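Participant: structure for this input, please:
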Amino acid sequence: MTTATDIQLGDLADERVIRLLTDHLNDMFAMSPAESVHALDVSGLSVPEVTFWTIAQGDRVLGCVALKELEPGHGELKSMRTDAAARGRGLGARLLEHVLAESARRGYRRVSLETGSHEFFRPARTLYAKYGFRECGPFGDYVLDPNSVFMMLELGPAPTA
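Facilitator: Model (predicted):
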């Protein structure tokens, strides 16, 4: 039986994953104007520079996260979501730890993210800060936006061969 701590590559054709991503996008559009929503849909998560994982228990997909390579040495955390019924169980922390370990394995020196500025996003910002993310300016193709908070974590120099 799969335990809640099992994280594996996600199947973007899986109905359960699509439901979770749909819930995520619905919340994002409910909280922010359309031009300030940067969450990825299935097509955005299906590109080669994005790796997508899920966390499940039995037949239930409880959460997801993605890592997008912006450039060599720099990744972006995307589409981190825990199902509403599974919140408060530490799954977000597990997903974040997984992405940070994968980022280090890839030799990334930095991981960035964009999240919302509204109260709804406070738990996410608190989690990211707990892991060392600090607010920063826009990165990549982002621009200043009062509905966005940009955060970055420096992982250190890439390992030498």
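
Participant: please, where are all the helices along the chain?
Facilitator: Applying DSSP state H to the chain gives helices spanning 15-31, 42-45, 91-105, 122-130.

Participant: neighbours around the closest residue in space to residue 154 that isn't next to it in sequence, how many?
Facilitator: Nearest residue to residue 154, sequence neighbours excluded (CB to CB, 6 or more residues apart in numbering): residue 110, at 5.7 Å. (C-beta placed from N, C-alpha, C; glycine too.) Applying other CB atoms under 10 Å, we find 18 residues neighbouring residue 110.

Participant: list the contacts for residue 110?
Facilitator: Neighbour list for residue 110: 73, 74, 75, 152, 153, 154, 155 [criterion: CB atoms under 8 Å, 6 or more residues apart in numbering].

Participant: who's it bridged to?
Facilitator: residue 74, residue 154 (DSSP bridges).

Participant: what about it, distance to residue 44?
Facilitator: 21 Å (CB to CB, to the nearest Å).

Participant: just residue 136 next, same as before
Facilitator: The spacing between residue 136 and residue 44, counted by CB to CB, is 22 Å.
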